[in-house]
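**Q** Got a predicted structure plus its sequence, pasted below:
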Number of protein chains: 2
Amino acid sequence: MKLNEILHITRKASKDLACVETEKINLVLLRLADLLEEKSSEVIEANSKDCARMDRNNPKYDRLLLSEERIKGIASDLRNVAQLPSPLGKVLQSTERPNGMRIDKVRVPFGVIGVIYEARPNVTIDVFSLCLKSGNCCILKGGSDAYHSNEYLVSLIHQSLEENQLNPRFVSLLSTDRKEVEELLHAVRYVDLIIPRGSQQLIQFVRQNATVPVIETGAGICHTYFDQYGDIEKGKDIITNAKTRRVSVCNALDCLLLHRERLSDLPTLTRELAKERVVIHADKASFEILKNHYPQDLLVEATEEDYGTEYLSLQMSIKTVDSLDQALDHIDQYSSRHSEAIVSENKEHCDIFCRKVDAAAVYENVSTAFTDGAQFGLGAEIGISTQKLHARGPMALEEITTYKWIVKGDGQIRPK
Amino acid sequence: MKLNEILHITRKASKDLACVETEKINLVLLRLADLLEEKSSEVIEANSKDCARMDRNNPKYDRLLLSEERIKGIASDLRNVAQLPSPLGKVLQSTERPNGMRIDKVRVPFGVIGVIYEARPNVTIDVFSLCLKSGNCCILKGGSDAYHSNEYLVSLIHQSLEENQLNPRFVSLLSTDRKEVEELLHAVRYVDLIIPRGSQQLIQFVRQNATVPVIETGAGICHTYFDQYGDIEKGKDIITNAKTRRVSVCNALDCLLLHRERLSDLPTLTRELAKERVVIHADKASFEILKNHYPQDLLVEATEEDYGTEYLSLQMSIKTVDSLDQALDHIDQYSSRHSEAIVSENKEHCDIFCRKVDAAAVYENVSTAFTDGAQFGLGAEIGISTQKLHARGPMALEEITTYKWIVKGDGQIRPK
């Protein structure tokens, strides 16, 4: 089907989806969970066609690969989403006006959401489940490396919709033709929201080209500032955890900002990092200290490009600052506004940091590793927004809804 | 000052504004209200330079013109905004996690908001007051026809900030150089939000060109559907009110959708419109009925372009439909998703209409003339959003804020 047709059909289908009961939606999610498990060998077969096309040493390979265990995980996530309360229909505000008319602000689906992502087939099911649960149709553009996997997964989605007498066109998977992406980004009136998930380049491309509203997700250039008044034990643990817990995630530490007066504590602060074999790109002052205390093969001098780099690997930079203000300026210049932390026992410094840092999540004496939908109690996650419009930080069901004002009366008119 | 410099300075100023107390903000607003009244003759003098450059027959002339009375109105609006509760600092959600860390979702300013508008000098004060009250710096690009007025008004704003020991760079007025607009639309990291206010062309231009997030406001192509089961008295009043109360506003009726079985009621439904001298662009079926009942000089045959036209004048179109579904399809195709109404005594039809119509405000037996911040109880209005991201319908103080997640603890790290 051509994109043009898909857009028309999906837009129309979104009106029907707006009238489907939550019970039915949950049945679809549960049926899909069962289907995935029943058909796991077929899923793996389709996936193996994709895997065969990719070099095993490619870091993307692991994200592409589906196994029995991963499929079980995906099915279990589906069952979780089925159990979450529906975000729809909630009256956010309600007023009865003196003239007798009632104004309700009611939570409703966006309508049609376009999601553009890379070669991670689990995202296909994830995105579908959160969109369906929130009453949204979705148009999926997955990475072409995962095309066979996605095609088969979407066929299971269609089957679970059809078995529940619902329109399979609630979900469409686009072809691997890149031109369709451009068209999608301009499908004003047909697509209500675009969410790009993946690399900074992908997100940048979408932001530069879309006329449909976008929510940016993902890229995390995260700092931890160890203040003049930082506690060394807390600092060591927080820095180690934020850097090494999982290196490929967006909330991982990229740059340690260190107050100059605490340079002598750097060997202690980085002790565990050495054990985890973290490569440190150190500025001059910190290099001078570390050169006698940190493994030589793991220590390099920082360049300007290191600041503002999202490493997604066992690497990080260190920048020495003279004051809280200087730390704030550095963060403002280089942060992607995802997650930023201060380690300090000085209450005033902590308050200023929390107030002035412009990021989705700001941490006081806590590791940035917590920026995550489940950790924040949202029950699910479709991405982490790094913009300020609409949703910020972890996004789940409520964040992919909007609202409308419904005004009911019996003939009210407005005086001149 | 070059835009580049303005962007840097404003971004920096926004950090300071985030720390200014509400009491101080209110003092600035009240001082500005006084200043406007004290200096009203100077305001009028500056304004008269702008007015002298414009043809008095230009429909924009009235919007450009400032009088003693209008200045009093603007000052009174400022005093109202000073009295509204601050939207800032509100904890929207708060959780204490089992590990002892506390997660607060707190309402905060966007930071820097760019507002692009046409030759209405009152908007300069309006936008400033709502931005300041919500803790946002603003960069204003007013229509060049109003440049002298705006320049003088912004000098009064600066004076009221300075007299309160605040940074005058919380607000900047751009020059009349159109290149600056393009730069502003791409000032990612410096400008957090762009709000265009004005004609559909302006909004379209911003949407097409901005990489900074945008909230579309304004354009209203509004329908009223008179159902098979519509009450004729309510219908007549609602149609008349929605069309004629004020014709230059975005919530005014542009197209009446009429169920075919109610064609014979059209002369009654349009009776008051004739008195108000509304020009009707009628489709074939309605034309046939009206030609013997509506003033000949006010009746023309509708063309395809009439549907989807925002008249902003004493004109409207009529389209006959065979069913509720057909009405819904027409609305979906031509509406700007602002305000849409149904007139019907059939509960089921009303419910389907409210559920399926995709618009900021959906009305059941009420005139669309109510779509307005004050009418919806928001206390103020910076514009009416016709998009679904972030804010929908009337936007006031809360709608120009965002939130951040503040996580406080004493050394918590996340287990692997």
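**A** That came through fine.

**Q** Please count neighbours and contacts with C-alpha atoms only from this point.
**A** Fine.

**Q** tell me the contacts of the residue of the stretch 51-200 of chain A found nearest chain B?
**A** Residue nearest to chain B within the stretch 51-200 of chain A: residue A:110 (6.7 Å; C-alpha to the nearest C-alpha). Residues in contact with residue A:110 (C-alpha atoms under 8 Å, 6 or more residues apart in numbering or on different chains) are A:135-136, A:192-193, A:400-402, B:388.

**Q** Run a quick neighbour tally on the nearest residue to residue A:176 once chain neighbours are set aside.
**A** Nearest non-adjacent residue to residue A:176, counting by C-alpha to C-alpha, 6 or more residues apart in numbering or on different chains: residue A:144, 5.4 Å away. Look at residue A:144: counted by other C-alpha atoms under 10 Å in any protein chain shown, it has 18 neighbours.

**Q** And for the one 4 residues further on?
**A** Counted with other C-alpha under 10 Å, the burial measure for residue A:148 works out to 19 neighbours.

**Q** Pretty sure residue A:362 sits in a helix.
**A** No - counting by DSSP: H, G, I helix; E, B strand; the rest coil, residue A:362 is located in no helix; its state is strand.

**Q** so what pLDDT did it get?
**A** We have a pLDDT of 98 for residue A:362.

**Q** give me every residue that touches it.
**A** Per C-alpha under 8 Å, 6+ apart, neighbours of residue A:362: A:339-341, A:354, B:404-407.

**Q** Just list whatever residues bridge to it.
**A** Applying DSSP bridges to residue A:362 yields these beta-bridge partners: residue A:340, residue B:406.

**Q** Residue B:197 versus that one, what's the distance?
**A** According to C-alpha to C-alpha, to the nearest Å, residue A:362 and residue B:197 sit 33 Å apart.

**Q** can you check residue A:77 too?
**A** From residue A:77 across to residue B:197, the span is 43 Å (C-alpha to C-alpha).

**Q** more crowded one of those two?
**A** Neighbours were counted for residue A:77 and for residue B:197 using other C-alpha under 10 Å; residue B:197 has more, 23 against 19.

**Q** Grab the nearest non-local neighbour of whichever residue of the stretch 151-300 of chain A sits closest to chain B.
**A** Closest residue of the stretch 151-300 of chain A to chain B, C-alpha to the nearest C-alpha: residue A:234 (4.8 Å). Leaving aside its sequence neighbours, residue A:234 sits nearest to residue B:411 (C-alpha to C-alpha, 6+ apart; 4.8 Å).

**Q** Could I get the phi/psi values of the one you found?
**A** Here is the backbone geometry of residue B:411 (degrees, to the nearest 10): phi 110, psi 20.

**Q** That one and residue A:239 touch, don't they?
**A** No - between residue B:411 and residue A:239 there is no contact under C-alpha atoms under 8 Å: 10.2 Å.

**Q** so what sits against both of the two?
**A** Residues touching both residue B:411 and residue A:239 by C-alpha under 8 Å, 6+ apart: residue A:367.

**Q** Of those two, which one has the most company?
**A** Neighbours per residue, other C-alpha under 10 Å: of residue B:411 and residue A:239, the larger number sits with residue A:239, 31 against 19.

**Q** Name the helix or strand for that one, please.
**A** Take DSSP states H and E as the rule and residue A:239 turns out to sit in helix A:232-244.

**Q** Could I get the full set of helices for the stretch 201-350 of chain A?
**A** Listed in chain order, the helices of the stretch 201-350 of chain A (DSSP state H, counting those that start in this stretch) span A:232-244, A:266-269, A:271-275, A:284-290, A:324-334, A:347-356.

**Q** Stretch A:195-203 near chain B anywhere?
**A** No - for stretch A:195-203 and chain B, the contact criterion (C-alpha under 8 Å from any C-alpha of the partner chain) is not met; the two come no nearer than 11.7 Å.

**Q** same deal with stretch A:238-247?
**A** Yes - judged by C-alpha under 8 Å from any C-alpha, stretch A:238-247 comes into contact with chain B through A:238, A:241-242, A:245-246.

**Q** For the residues you listed, pick the one with the most neighbours.
**A** Highest neighbour count within those, by other C-alpha under 10 Å: residue A:238, with 28 neighbours.

**Q** In contact with it, which residues are there?
**A** Contacts of residue A:238 (C-alpha under 8 Å, 6+ apart): A:365-367, B:411-413.

**Q** ok, and the most crowded of those residues?
**A** Neighbour max across those (other C-alpha under 10 Å) = residue A:367, 35 neighbours.

**Q** Next one: residue A:320 from residue A:225, what distance?
**A** Using C-alpha to C-alpha, residue A:320 is found at 10 Å from residue A:225.

**Q** Compare the two (neighbour count), which wins?
**A** Neighbours per residue (other C-alpha under 10 Å) separate residue A:320 from residue A:225, with residue A:225 holding more: 29 against 22.
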